[in-house]
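Undergrad: This is a predicted model, with the sequence first.
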Amino acid sequence: MGKPTYYEFFAGGGMARAGLGPGWRCLFANDFDAKKAETYRANWGGEELHVGDVREIETAQLPGQADLVWASFPCQDLSLAGAGAGLAGERSGTFWPFFDLVRKLNTEGRAPKLLALENVCGALTSHGGQDFVRICAALAEEGYRFGAVVVDAALFVPQSRPRLFVVAVRGDVELPVGIAGAAPAEVFHTRALGEAFSRLPPKLREDWLWWRLPAPPKRNAALASLIEDAPRDVAWRSQEATQALVAKMSPANLAKIAEARQTGGKIVGALYRRTRCENGAKLQRAEARFDGLAGCLRTPAGGSSRQFLLIVEKNRLRSRLLSARETARLMGLPDAYQLPTNYNEAYHLTGDGVVAPVVRHLAAHLLEPLLQGVKQRAAA
């Protein structure tokens, strides 16, 4: 039997492709961002890549019948930090023209066996949870059963990055024994996911599947293990600039630095500048963590969204931005992965991607077992 096949929508730099790995064959990939497309081609060749708006794609451009369609559709309008436009927004709303392609494939008798949708956890609560209901209703209308898991990338890489993964299976696909259960039963079924399920109409709950996903082996890498000794694209900040960050810290964050100093060793932390409301006034605060994890990478929409490293070593305190290669490592990408030479473009690419080892875990324990069962029945 040949390799399972897939279409990759909103492909970015091909991080879902990196996670699926060489055991899968990409038939078609799409992204509208020409800069990201350059990186996709640099790493994957790009023969399958179509650069353009998903709204303008026709099913005639999609070759064959893919086993899987993967879509990491834009999150900005669903994010808790966004404006709250949800699936009606300009960016996250591109889910609908994407899903129109799925509908048309179904009409043509080319519906994929599996769909995988990835987004921020805010998709569960956007518009009072109704956006999630609409996604589930769309899947059900096309004959899919579906379920979801929330996976924090911190289980795989030293980055706090919880994401929602909705996996749908065509109604005529027989489920392998034990791959789904009747009720939530694991770390990947969060309270927010349970509440989102409870908001589904009874008819949609009949199509819901509680996917059973095993926990991965314990992560060994900490943030300090991914840090470059001499990055080329970022410089250490002056002591004055570092102290300016410290001056923006709350007493609780200053206490974290004091505790790190007491260890006597070299402690690597991560820091974001955030705007907080205190006593009715908006203040910019510097918030640090020294738990071995980076904060969630974000696209650099401004200086405040870039993440800093904060290194405490005895009485010395140093700071700098994360390097582009460090952000790639935090996404589980190998050092052989080619990044844009421009720092902002590289940071935007990685901050807007999906963590490759998370995709691999989903593929190994959910997507591939589902397809393997289909192939075995077809061979029989």
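TA: Yep, that arrived.
Undergrad: use CA for all of it now, contacts and neighbours both
TA: OK.
Undergrad: How confident was the prediction at G89?
TA: Listed pLDDT for G89 reads 64.
Undergrad: Renumber starting at 43 from here on
TA: New numbering, starting at 43: the last item is G131.
Undergrad: hmm, which helix or strand of the chain has the shakiest average pLDDT?
TA: helix 410-421 (a mean of 73; mean pLDDT, DSSP states H and E).
Undergrad: so where do the strands sit in this structure?
TA: 47-51, 67-73, 91-93, 110-113, 156-161, 186-194, 204-212, 222-223, 252-253, 308-320, 323-331, 350-355, 358-363 (DSSP state E).
Undergrad: quick one, the fifth one and strand 47-51 angle?
TA: Same thing as strand 156-161. If you take axes from the mean of the first three to the mean of the last three C-alpha atoms, to 10 degrees, strand 156-161 sits at 30 degrees to strand 47-51.
Undergrad: What are the contacting residues of strand 156-161?
TA: Applying C-alpha atoms under 8 Å, 6 or more residues apart in numbering, the contact partners of strand 156-161 are 109-117, 205-212, 396, 409.
Undergrad: Would you enumerate the residues in contact with the residue nearest to P273 when sequence neighbours are not counted?
TA: Leaving out its chain neighbours, the residue that sits closest to P273 by C-alpha to C-alpha, 6 or more residues apart in numbering is S365, at 6.3 Å. For S365, the contact set (C-alpha under 8 Å, 6+ apart) comprises E270, P273, R274, D275, V276, Y385.
Undergrad: Nearest to A60 among those residues?
TA: Among those, Y385 lies closest to A60 (C-alpha to C-alpha), at 21.2 Å.
Undergrad: Look at A102 and say how many residues are nearby.
TA: 8 (other C-alpha atoms under 10 Å).
Undergrad: what do you get for V211?
TA: 24.
Undergrad: contacting residues for it?
TA: K155, L156, L157, Y186, R187, F188.
Undergrad: Serialize the residues you listed to TSV and add fields for neighbour count and distance to R340.
TA: Shown next, in TSV, are the contacts of V211 (neighbours: other C-alpha atoms under 10 Å; distance: C-alpha to C-alpha, whole Å):
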residue	neighbour count	distance to R340
K155	21	32
L156	23	28
L157	23	25
Y186	24	32
R187	23	32
F188	25	28
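Undergrad: thinking again about what came up before, now pLDDT and neighbour count too, for the contacts of S365, in TSV please.
TA: Below are the contacts of S365 laid out as TSV (pLDDT from 0 to 100; neighbours: other C-alpha atoms under 10 Å):
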residue	pLDDT	neighbour count
E270	96	12
P273	96	14
R274	94	10
D275	96	13
V276	96	13
Y385	95	15
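Undergrad: farthest-separated two in those residues?
TA: Among these, the pair separated by the greatest distance (C-alpha to C-alpha) is E270 and Y385, at 15.0 Å.
Undergrad: Look up how far L296 lies from F332.
TA: Distance from F332 to L296, counting by C-alpha to C-alpha, to the nearest Å: 12 Å.
Undergrad: ugh, typo on my part, it should be I177
TA: From I177 to L296 the distance is 43 Å (C-alpha to C-alpha).
Undergrad: Could you do V400 as well?
TA: 34 Å.
Undergrad: what's the answer for V192, then?
TA: 32 Å.
Undergrad: who's more crowded, the two?
TA: Between V192 and L296, counting by other C-alpha under 10 Å, V192 is the more crowded of the two (21 against 17).
Undergrad: thought the more buried one was touching P204?
TA: Yes: contact criterion C-alpha atoms under 8 Å: V192 and P204 qualify, at 6.5 Å.
Undergrad: Mind listing the shared neighbours of these two?
TA: Common contact partners of V192 and P204 (C-alpha under 8 Å, 6+ apart): C163.
Undergrad: What are the structural domain limits within the protein?
TA: Following automatic domain parsing, the chain resolves into domains at 47-257+393-421, 265-383.
Undergrad: Which residue is the nearest non-sequential neighbour of the residue minimising distance to the centre of the chain?
TA: Centroid-nearest residue in the chain, with C-alpha atoms, centre = their mean: V396, separated by 3.4 Å. Using C-alpha to C-alpha, 6+ apart and skipping the chain neighbours, the partner closest in space to V396 is M57 (5.9 Å).
Undergrad: pLDDT at that neighbour, what is it?
TA: The model reports M57 with a pLDDT of 98.
Undergrad: do the same with W138
TA: For W138, pLDDT reads 89.
Undergrad: What is the neighbour count of it?
TA: Neighbour number of W138 under other C-alpha under 10 Å is 17.
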